[in-house]
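1. Sequence first, predicted coordinates after that:
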Amino acid sequence: KAGVTQTPRYLIKTRGQQVTLSCSPISGHRSVSWYQQTPGQGLQFLFEYLSETQRNKGNFPGRFSGRQFSNSRSEMNVSTLELGDSALYLCASSQEPTAGYTFGSGTRLTVV
Amino acid sequence: GESVGLHLPTLSVQEGDNSIINCAYSNSASDYFIWYKQESGKGPQFIIDIRSNMDKRQGQRVTVLLNKTVKHLSLQIAATQPGDSAVYFCAERGGGKLIFGQGTELSVKP
């Protein structure tokens, strides 16, 4: 059974650009959540999607957005990148929001 | 605000010893707790979970204890091995999201 797949693994972008990250959940998992991990702030919740609907959103500016498709795959977008957006972005999926979460390996975003 | 914190940022143990990693949480309404292990360059890996209606759960070489009275969670690793070296995070589910602690780095000396 394939795990959570995140693409790309590494990304370098320039300030002011935008970026789109992709997440394919485990087959059969309907819930997808996104987290940002930095050395200073640790793991912070970005948003959660279930059946193409955003259920919860963390305390991030509107530059951070996401969506989920009918096949449960999810994307997150960050516009007008800032240096502080450099982080490991992690996606987690679960069968239901009340079940356990499995994480992908993440996308390492570097903003220069 | 809500937070989950770890008492010890680093823990060094001898191979073969037992390890105990502690965690405090602040939201008494949290109903589900998870321990994750994260190795360098990888995403968090699920170790064990426990629901709030339990106080102990055992897995393979790992045990999680939940003390709701003092809002404390611990992870016990038996016969710690070099492969257990990693950062360990506790997380509580509250408000439809996971709230993570800062993490404890476990170092196993051969």
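-> All right, it came through fine.

2. So for B:Gly1, what's the pLDDT?
-> Predicted confidence (pLDDT) for B:Gly1: 38.

3. Likewise for B:Leu8?
-> For B:Leu8, the pLDDT comes out at 47.

4. Check A:Pro39 too.
-> pLDDT, A:Pro39: 84.

5. count of residues packed around it?
-> Neighbourhood size, A:Pro39 [other C-beta atoms under 10 Å in any protein chain shown]: 7. In this view, the C-beta of every residue, glycine as well, is placed from N, C-alpha and C.

6. And for the one 3 residues further on?
-> In terms of burial, A:Gly42 registers 16 neighbours under the definition other C-beta under 10 Å.

7. For it, which residues are in contact?
-> The contact partners of A:Gly42, by C-beta atoms under 8 Å, 6 or more residues apart in numbering or on different chains, come to B:100-103.

8. For A:Val4, give its distance to A:Leu90.
-> A:Val4 sits 9 Å away from A:Leu90, going by C-beta to C-beta, to the nearest Å.

9. what residues are shared contacts of those two?
-> When contacts are counted by C-beta under 8 Å, 6+ apart, A:Val4 and A:Leu90 are jointly contacted by A:103-104, B:43.

10. isn't B:Asn27 right up against B:Gly94?
-> Yes. In this structure, B:Asn27 is within contact of B:Gly94 by C-beta atoms under 8 Å, at 4.7 Å.

11. Let me see the contact set for residue 110.
-> In the absence of a named chain, chain A is used. If you count contacts by C-beta under 8 Å, 6+ apart, then A:Thr110 has A:10-13, A:86 around it.

12. Can you look at chain B instead?
-> Contact analysis of B:Pro110 by C-beta under 8 Å, 6+ apart lists B:15, B:82.

13. can we see that at 10 Å?
-> B:14-16, B:81-82 (C-beta atoms under 10 Å, 6 or more residues apart in numbering or on different chains).

14. now do B:Ile77
-> So B:Ile77 contacts B:13, B:17-21, B:35, B:37, B:47, B:61-63, B:84, B:88, B:106, B:108 (C-beta under 10 Å, 6+ apart).

15. Spell out which parts of chain A neighbour chain B.
-> By C-beta under 10 Å from any C-beta of the partner chain, the residues of chain A that approach chain B are A:3-4, A:6, A:9, A:31, A:33, A:35, A:37, A:41-48, A:50, A:55-59, A:88, A:90-92, A:97-106, A:108.

16. quick one: low-confidence parts of chain B?
-> Chain B contains residues with pLDDT under 70 at B:1-8.

17. so of the residues of chain A next to chain B, which ones are in helices?
-> Among the residues of chain A next to chain B, DSSP state H puts none in helices.

18. Select only the buried ones of those in PyMOL?
-> Buried members of the residues of chain A next to chain B, defined by 16 or more other C-beta atoms under 10 Å in any protein chain shown, are picked up in PyMOL with:
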select buried, chain A and resi 4+6+31+33+35+37+42+43+44+45+46+47+48+50+57+58+88+90+91+92+97+101+102+103+104+105+106+108
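
19. could you list every residue that touches the closest residue to B:Arg61 other than its chain neighbours?
-> Nearest residue to B:Arg61, sequence neighbours excluded (C-beta to C-beta, 6 or more residues apart in numbering or on different chains): B:Ala78, at 4.8 Å. Listed by C-beta under 10 Å, 6+ apart, the contact set of B:Ala78 reads B:16-19, B:58, B:60-63.

20. what residue is smack in the middle of chain A?
-> Residue closest to the average C-alpha location in chain A (C-alpha atoms, centre = their mean): A:Trp34, at 3.5 Å.
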